[in-house]
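[1] Okay, here's the prediction I keep looking at, along with the sequence it came from:
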Amino acid sequence: MVIVSIYKIKHNIKFWDKSFTLATIVMINILYSLLERFVDLPYELNSIVTGGLSLVAFGYIVVILWELRKQKKISNSK
């Protein structure tokens, strides 16, 4: 993510987009999973947070794929 961030800033590309948001959500989910190994958190809290983050990540994947499909239809119709 750091390399992608540097590349985007260097080339004046929009920094925060859907793919970067997806990567951030996945990284938060991974960090939370690593944190639960060291801190004993209640099962309910653990399942809510990891399930919620996974659901949001899946939603972003669907949105990104939908936009790619829409762009492909637009480029094919030209």
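    Yep, it's here.
[2] Tell me which residue is most central in the protein.
    The residue at the geometric middle of the chain, judged as the C-alpha nearest the mean C-alpha position with C-alpha atoms, centre = their mean, is residue 22 (1.1 Å).
[3] I'd say it and residue 58 touch.
    No. In this structure, residue 22 is not within contact of residue 58 by C-beta atoms under 8 Å, at 9.7 Å. Bear in mind the C-beta positions are built from the backbone N, C-alpha and C, glycine included.
[4] report the longest helix in the chain, please.
    Counting residues, the longest helix found in the chain (DSSP state H) is helix 43-77.
[5] Which secondary structure elements does that helix sit against?
    Under the contact criterion of 3 or more C-beta pairs under 8 Å, 6 or more residues apart in numbering; DSSP states H and E, helix 43-77 touches helix 18-38.
[6] Report the buried residues of the helix it packs on.
    Along helix 18-38, the positions that meet the burial threshold by neighbour count (16 or more other C-beta atoms under 10 Å) are 22-23, 25-26, 29.
[7] May I have the predicted confidence score for residue 1?
    Among the per-residue scores, residue 1 holds a pLDDT of 69.
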